[in-house]
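S.K.: Next input, structure requested:
(one chain, ligands or ions: 1)
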Amino acid sequence: MIQVIKNGTVVTMDEKRQKKYEKLDIVIKDDTIDKITDSYTGTYDKLIDASGKIVLPGLINCHTHLGMSIFRATNDDYPLQDWLTKKIWPIEDHMTDEDIYYTTLLSCLEMIKTGTTTSNDMYFGVNGSLKAIEEAKVRSVFSRCLMGNMDSDSLERIEEFKKLVNENQGKELLTFTVTPHSMYTCNEEYLMECEKVATELHLPIHIHYSENEKEVEGIRNDYKTSPAKALEKVGYLNHKLILAHGTFISEEDQKLLASHDVSIATNPISNLNLGCGIADLVQYKKNGLNICLGTDGQGSGNTLNMFYHMSVVDQLQKAKYQDPTVFNSYEVLKMATIYGARALGLEDKIGSIEEGKKADIIILDLHNTEVYPTVDLINQIVHNVESSNIDTTIVNGCVLMENHQLTLPIDEEKLKKDINSIIYRLMPKEN
Ligand SMILES: [Zn+2]
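M.R.: Got it, this is the predicted structure:
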């Protein structure tokens, strides 16, 4: 099937192109970008008229927990450790696979409506979440969250993960990472057990890391060395590694991490909400680290709308340095696209609009007054685009939303009711 996106202003994020954006036609053959040309005059099965619209690669959310949508705006004003142990985990203990199907499905719709086509997910209840992800037809770097201290439950989680990978090999929209939750929820031996799985299955590792200063202090106490050297000790630097947060990384550790295949998935809004701090991304970049962007779960990150997170991450760095020249919108857009693809090992498939890559594409309709004037398009995209501007979302050549209308057979109104009933059922009752 040939689909053509015609007359759009295309922000390719292809570093080989001279211009940041230009008028181009994109020809999609089945799931792949077949041709990018000034003007396509050939035949097609479907035409998508993008006149007056902006065409971008689908955004890539490099750290999230799709099953956490029920926690949105439920437990604000708690520090990280209290929030997890007193507010989140007691509820998660009672979530069924069916609950997680619904909570993940809501997140998938949120992604499609806000222009994210790939997520790097870490959660449990994988039967439910996988069903939702497959129904929503989004691209997923999937996992089974692992935590424990070599007790039978924790080892069972590893077996569950291996089975998951085994049963879902070769699916185009699905790849996997090994996801030990963090160095404070896994003991050293268990972290090393997870490392063995990454070696055995040739998979990247994705872990929460140095989210706040308390965590850094704990790792220093437990391992008698710095967090990056602790990662080295458990063998993680021998793998492709995605570190979620990395809010506090010393200069020496930055250099050690940058000398390996390590990416930092920064989650600025989650870090603000939980009072964790502001990562020094300017310094990380100077030291050569690949930085990508995540939303975290909605419980701390509020929204999966990456446009919102892009705007905040840019402004935070400028405020931190009291210098607006240290960061810029184009760099932020790279974090949400091509750098994200690099972090996930998917750079040859997604992250930019290039011939031969998969057709993960979004179209923005900048019709509203808030995005005028359109003098600096990249600045407008990063700072002023809202979900109402997302017109069309395409994953792997499949149009999931067109002219703001979802094409998926999902009953959104029923889903919203289901989500409310899950959180009301699980929340502790007030006396
Ligand atoms: Zn997280």
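S.K.: what mean pLDDT does stretch 127-136 have?
M.R.: What stretch 127-136 shows for mean pLDDT is 98.
S.K.: Pull the residues that contact that stretch.
M.R.: For stretch 127-136, contacts defined as Cβ atoms under 8 Å, 6 or more residues apart in numbering pick out 66-67, 96-102, 104-105, 107-109, 111-112, 121, 123, 140, 142, 164, 168, 173-174, 400, 408, 410. The way it works is simple: take the backbone N, C-alpha and C, and place the C-beta from them, glycine included.
S.K.: Among those, the buried ones, what's the PyMOL command?
M.R.: This is the PyMOL syntax for the buried subset of the contacts of stretch 127-136, where burial follows 16 or more other Cβ atoms under 10 Å:
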select buried, resi 66+67+99+100+101+102+104+105+107+108+109+111+112+121+123+140+142+164+173+174+400+410
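S.K.: The contacts of stretch 127-136 in helices, which ones?
M.R.: 97-102, 104-105, 107-109, 111-112, 164 (DSSP state H).
S.K.: of the residues you listed, closest to Gly275?
M.R.: For those, the minimum distance to Gly275 (Cβ to Cβ) is 24.2 Å, reached by Ser107.
S.K.: who's in contact with the closest one?
M.R.: Taking Cβ under 8 Å, 6+ apart as the test, what Ser107 contacts is 64, 66-69, 119, 132, 298, 304.
S.K.: which of those residues sit farthest apart?
M.R.: Most distant of the contacts of Ser107, by Cβ to Cβ, are Ala132 and Gln298, 14.7 Å apart.
S.K.: Helices of the stretch 151-300 of the chain, start to end?
M.R.: For the stretch 151-300 of the chain, applying DSSP state H, counting those that start in this stretch gives helices covering 152-167, 188-201, 213-223, 227-233, 251-258, 268-273, 281-286, 298-301.
S.K.: Mean pLDDT per helix and strand in this structure: which one sits at the bottom?
M.R.: helix 80-82 (a mean of 87; mean pLDDT, DSSP states H and E).
S.K.: for stretch 340-360, which positions count as buried?
M.R.: 340-346, 349-354, 357-360.
S.K.: can you pull out the strands in the stretch 201-350 of the chain?
M.R.: 205-209, 241-245, 262-266, 290-293 (DSSP state E, counting those that start in this stretch).
S.K.: Would you reformat these as TSV and include distance to Asp153, mean neighbour count and mean pLDDT?
M.R.: Below are those laid out as TSV (distance: least, Cβ to Cβ, whole Å; neighbours: other Cβ atoms under 10 Å; pLDDT from 0 to 100):
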stretch	distance to Asp153	mean neighbour count	mean pLDDT
strand 205-209	19	26	98
strand 241-245	23	27	98
strand 262-266	27	28	98
strand 290-293	31	24	98
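S.K.: Indicate which one of those is closest to Val385.
M.R.: Closest among those, using Cβ to Cβ: strand 290-293, at 14.6 Å.
S.K.: Give the other helices and strands that the closest one contacts.
M.R.: Packing partners of strand 290-293 (3 or more Cβ pairs under 8 Å, 6 or more residues apart in numbering; DSSP states H and E): strand 59-64, strand 262-266, helix 281-286, helix 306-321, helix 329-335, helix 338-343.
S.K.: now do 6 Å
M.R.: Secondary-structure packing of strand 290-293 (3 or more Cβ pairs under 6 Å, 6 or more residues apart in numbering; DSSP states H and E): strand 262-266, helix 329-335, helix 338-343.
S.K.: Which of the ones you listed sits closest to Glu15?
M.R.: helix 338-343 (7.2 Å).
S.K.: Next, report how far the closest one is displaced from the centre of its chain.
M.R.: 10 Å (Cα atoms, centre = their mean, to the nearest Å).
S.K.: Give me the next element, helix or strand, following that helix.
M.R.: strand 361-364 (DSSP states H and E).
S.K.: out of the helices of the stretch 151-300 of the chain, deepest packed?
M.R.: Across the helices of the stretch 151-300 of the chain, averaging neighbours per residue (mean count of other Cβ atoms under 10 Å) puts helix 298-301 on top, at a mean of 26.
S.K.: May I have that helix exported as CSV, CA atoms only?
M.R.: C-alpha atoms of helix 298-301 as CSV (Å, rounded to 0.1, in the frame of the first residue of the first chain):
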residue,chain,number,x,y,z
GLN,A,298,1.7,10.1,35.3
GLY,A,299,1.7,9.8,39.1
SER,A,300,4.9,11.9,39.2
GLY,A,301,5.1,13.2,35.6
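S.K.: Understood, closing this out.
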